[in-house]
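# Give me a model of this one.
(4 chains)
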2 protein chains.
Amino acid sequence: MLSKELVAASTVPLVLSVLTQGESYGYALIQRVRELSDGRIAWTEGMLYPVLHWMADEGLVESEWKEAESGHRRKYYRICQEGRKALQAEQKEWLTVHATLTKLWKTQPGLI
Amino acid sequence: MLSKELVAASTVPLVLSVLTQGESYGYALIQRVRELSDGRIAWTEGMLYPVLHWMADEGLVESEWKEAESGHRRKYYRICQEGRKALQAEQKEWLTVHATLTKLWKTQPGLI
DNA sequence: TTGACATACCTAGCAGTGTTATGTGATGCT
DNA sequence: AGCATCACATAACACTGCTAGGTATGTCAA
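Predicted coordinates:
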C-alpha cells in the first residue's frame, strides 16, 4: 500500500491525467486508477470525493449529473482549461523530483 | 516551488538516497538536494530537522555529533539497515506511481 | 422476498501533523 | 564591531486528511 504522503501528492495529477482521456465519474476513477496501477493504487471513496469537490471549487474540473442506463445517478467530471494548466505545472514538479531521485539512484548499484 | 504534498512525499526518500552516498548532516543535505535539483527543491531547516529526528527515532538513520575543522558542531547522519529497507520500499512505491502517471502521459500528445 | 453485494454518492469531526516563526551560538570576513 | 554564513533546535497551533458512517438504487441467488 502507498504511503499517505505519496497518495496526497499523486491524487490530483492522476485524476487530471485520467480526465484528459475523457470525462468520468468518481466511482469509475477509483477503478480506472486501480486498474492502471495493477491494483497498487487503491483509493477509497471517502478520500476521493472531497478531492473532486475541491478540484471543482478550484475550477480545475466541472461536473454534471447524469442518469446512467443502469439507473444510477452519476456525477461526471470534465477537465477545464484551468485544469490543463494545473496538470502541466504538476507534471513539471513531478518530473523535477523524479529527475533528482533517479540521479541519486543511478549512481547506486543494486537500487532499482 | 514544489507543492507541500510533493515535498512531504519526497523528503524521506531523498534524504535516504543522499545518505547512501555517505554520511552527511542537516545543513549539507539541504544544499546537496538544492544543488541536485538545480535549485528547485529548496528545503527549509525548520522542516528538515524534525524529519531527521523522526527518521532517527524510526531507526532509519543513526546520528553522531562531530566537531568540524571549521569549529562548527555538526550532527552527522548515517543510513542504517532499516533505512535501506525503507528506501527500497519507497522506491517501489514511487516507481509504481511514476509508471501509472507516465502510462497516462504517454497517450497524451503535447504532455511532457 | 430477503439478504448480500455492487454501484454511486456524500460529509462530520477530530486525530494527527507540518511549518512558521523564533531561538541559540560559533566562525569568518570587512 | 557588525554582518553573513554555518549549524542545530522546537513550540504551538492552524490546517487538513481520512475514517467511519450515512443514503439510495440495482441485481442476483437462495
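
# which residues touch stretch A:86-94?
Residues outside stretch A:86-94 that contact it (Cβ atoms under 8 Å, 6 or more residues apart in numbering or on different chains): A:12-13, A:16-17, A:20, A:58, A:60, A:79, B:2-3, B:6, B:98, B:101, B:105, B:111-112. C-betas here are computed from N, CA, C, even on glycine.

# Farthest pair within those residues?
A:58 and B:98 (24.4 Å; Cβ to Cβ).

# Between these two, which has more neighbouring residues?
residue B:98 (17 against 13; other Cβ atoms under 10 Å in any protein chain shown).

# Leaving aside the residues adjacent along the chain, what's closest to the more buried one?
residue A:98 (6.0 Å; Cβ to Cβ, 6 or more residues apart in numbering or on different chains).

# how much does the helix or strand encompassing residue A:12 deviate in direction from helix B:4-19?
Taking DSSP states H and E as the definition, residue A:12 sits inside helix A:4-19. Computed with axes from the mean of the first three to the mean of the last three Cα atoms, to 10 degrees, the direction of helix A:4-19 lies at 120 degrees from that of helix B:4-19.

# what's helix A:4-19 in contact with?
By Cβ under 8 Å, 6+ apart, the residues outside helix A:4-19 that reach it are A:2, A:24, A:29, A:32-33, A:36, A:41, A:43, A:47-48, A:51-52, A:55, A:60-61, A:77-79, A:83-84, A:86-87, A:90-91, A:94, B:3, B:5-6, B:8-10, B:93-94, B:97, B:100-101, B:104-105, B:108.

# Which members of these occur in helices, if any?
Among the contacts of helix A:4-19, DSSP state H puts A:29, A:32-33, A:36, A:47-48, A:51-52, A:55, A:83-84, A:86-87, A:90-91, A:94, B:5-6, B:8-10, B:93-94, B:97, B:100-101, B:104-105 in helices.
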